[in-house]
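Visitor: For reference, the sequence and a predicted model appear below.
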Amino acid sequence: MTSHSPLPALPPDVHTPAYVLDAKALARNMATADRVRREAGCKVLLATKAFAFPAAFPDMRDHLDGTTASGEYEARLGREEFGKEVHVYAPAYGPGEVERLTELADHIYFNSPEQMSRYLAVARSNPKVKIGARINPGYSNATLGGPLYDPCAPNSRFGTTAAEVDQLPWEQIDIFHAHSLCESLHDGSVGLIDHVAKNFGPYLKRVKAVNFGGGHFINKPGYDVAKLIAAIKAFRATFDVEVILEPGAGLVVDAGYLVASVIGFHTNGARIAILDASASTHMPDVLEVPYMPPLLNALPAGTRGHDYILGGKTCMTGDIIGEYAFAAPLKVGDHLVFGDMMQYSFVKNTTFNGTPLPDMAVLEADGSYRVVKRFGYSEFRGRLG
Ligand SMILES: *Cc1c(COP(=O)(O)O)cnc(C)c1O
């Protein structure tokens, strides 16, 4: 697989591996968020689960209403590094977590009648905290990974089901929350909004806001943003509620790279190039989803050229990124640029096998290249106790 994006202008001596945010591409994505907020009259939050990159927050803050967190640490990150609103949801909270969250988050969401009854009073101890209830709307549209990424898959642990929805204390609930999409285009977003409108009307009339979760892939080519805007406007007109979206991937899709170097070769039925980047440690979704990431240096899929299987330097047999064709033979030291590498990449990386962590860097809009952080042995050693 290849990508239509041109190669970014990186310094010839770029230190690899490196995750590189493309500030121009991020600005393009933020313009879409601005448009949705302005034209639909809704709030848009960043789900930091997908993209927790504080160096980018100054370029995002003015275009978003805040962040949404998956627990205490992300809520603290949102509070300390992003500012504005902090929302938090977890399928269950740990001991003392809700109490600490009342200092960090202004919107706390509960997953079930069990969690709501256990923690509602604790959350209410800060009168400024708004209470959300996550509902399992029974609407599946996840386009990625099948049931692995479908919050409404059978036996999913996410959200109160229709069977239990009347056990929630609706007079105490400010926000109805339904997250059921994953890398969904406008048909998924509009489908979810219509499904909730049709099936949950009596509950919507009792809340002040409705949060349609993440998975809205608003910056993916093919996503018709006008359709999303029309659906939100119609929903707001019918139910007279505030509407919130909390995408992660949809805000940073195609906004950066993972740059790797070829460090060696092997032959075993095919030519194999070994990289200083690894699927297992640096792009785990390549193995988990699984998918073959776009490689900007490669020839289009199916083109005859110099073929290589690209693999990581870990000792895990399955640490294979994919097979790609190149216009010329690869050499040690060649830089390879994987595209669309911002969401769910560095937030999930590991130092397995003693693999060094990639730099965190920004290719600024003026063309300058800024290394935000370089890691070393201490990051490997530090997490071993
Ligand atoms: C993961 C998640 C999001 C963000 O999802 P994306 O697919 O990255 O847009 C938003 N809300 C909740 C509750 C989530 O679990």
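Guide: Cool, the structure landed.
Visitor: residues in contact with the residue of the stretch 1-150 of the chain found nearest the ligand?
Guide: For the stretch 1-150 of the chain and the ligand, the shortest gap (C-beta to the nearest ligand atom) falls at Ala47, measuring 3.4 Å. (Glycine included, C-beta is placed from N, CA and C.) Ala47 is in contact with Thr67, Thr68, Gly214, Glu246, Pro247, Gly248, counting by C-beta atoms under 8 Å, 6 or more residues apart in numbering.
Visitor: For it, grab phi and psi.
Guide: The phi/psi pair for Ala47 (degrees, to the nearest 10) reads phi -80, psi 110.
Visitor: Skipping adjacent residues, who's closest to it in space?
Guide: Nearest non-adjacent residue to Ala47, counting by C-beta to C-beta, 6 or more residues apart in numbering: Gly248, 3.4 Å away.
Visitor: Tell me the spacing between the one you found and Arg37.
Guide: Per C-beta to C-beta, to the nearest Å, Gly248 is found 16 Å from Arg37.
Visitor: about what we covered before: give me the pLDDT for the residue nearest to Ala47.
Guide: Note on Gly248: pLDDT of 98.
Visitor: shouldn't it be in contact with Ala52?
Guide: No. Taking contacts as C-beta atoms under 8 Å, Gly248 lies outside contact range of Ala52: 9.5 Å.
Visitor: Between the two, which has more neighbouring residues?
Guide: Between Gly248 and Ala52, counted using other C-beta atoms under 10 Å, Gly248 has the larger neighbour count: 24 against 21.
Visitor: can you give me the helices in the stretch 251-385 of the chain?
Guide: Along the stretch 251-385 of the chain, the segments classed as helices by DSSP state H, counting those that start in this stretch run 279-282, 285-288, 377-382.
Visitor: between these, which gets nearest to the ligand?
Guide: From those, taking C-beta to the nearest ligand atom, the stretch that ends up closest is helix 285-288, at 11.2 Å.
Visitor: Quick one: name the residues of this protein near the ligand.
Guide: Neighbours of the ligand within the chain, by C-beta under 6 Å from any ligand atom: 47, 49-50, 68, 89, 179, 182, 213-215, 246-250.
Visitor: If we use 5 Å, what do you get?
Guide: Ala47, Lys49, Ala50, His179, Gly213, Gly214, Gly215, Glu246, Pro247, Gly248, Ala249 (C-beta under 5 Å from any ligand atom).
Visitor: In ChimeraX, select just the buried ones from those residues.
Guide: Only the buried entries of the residues of the chain next to the ligand go into this ChimeraX selection, using 16 or more other C-beta atoms under 10 Å:
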select :47,49,50,179,213,214,215,246,247,248,249
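Visitor: Nearest to Thr350 among the residues of the chain next to the ligand?
Guide: When the residues of the chain next to the ligand are compared for distance to Thr350 (C-beta to C-beta), Lys49 comes out closest, at 16.3 Å.
Visitor: How about the contacts made by that closest one?
Guide: By C-beta under 8 Å, 6+ apart, the neighbours of Lys49 are Ala69, Ser70, Glu74, Gly248, Val347.
Visitor: and with 10 Å instead?
Guide: For Lys49, the contacting residues are 67-71, 74, 89, 214, 246, 248-249, 343-344, 347-348, by C-beta atoms under 10 Å, 6 or more residues apart in numbering.
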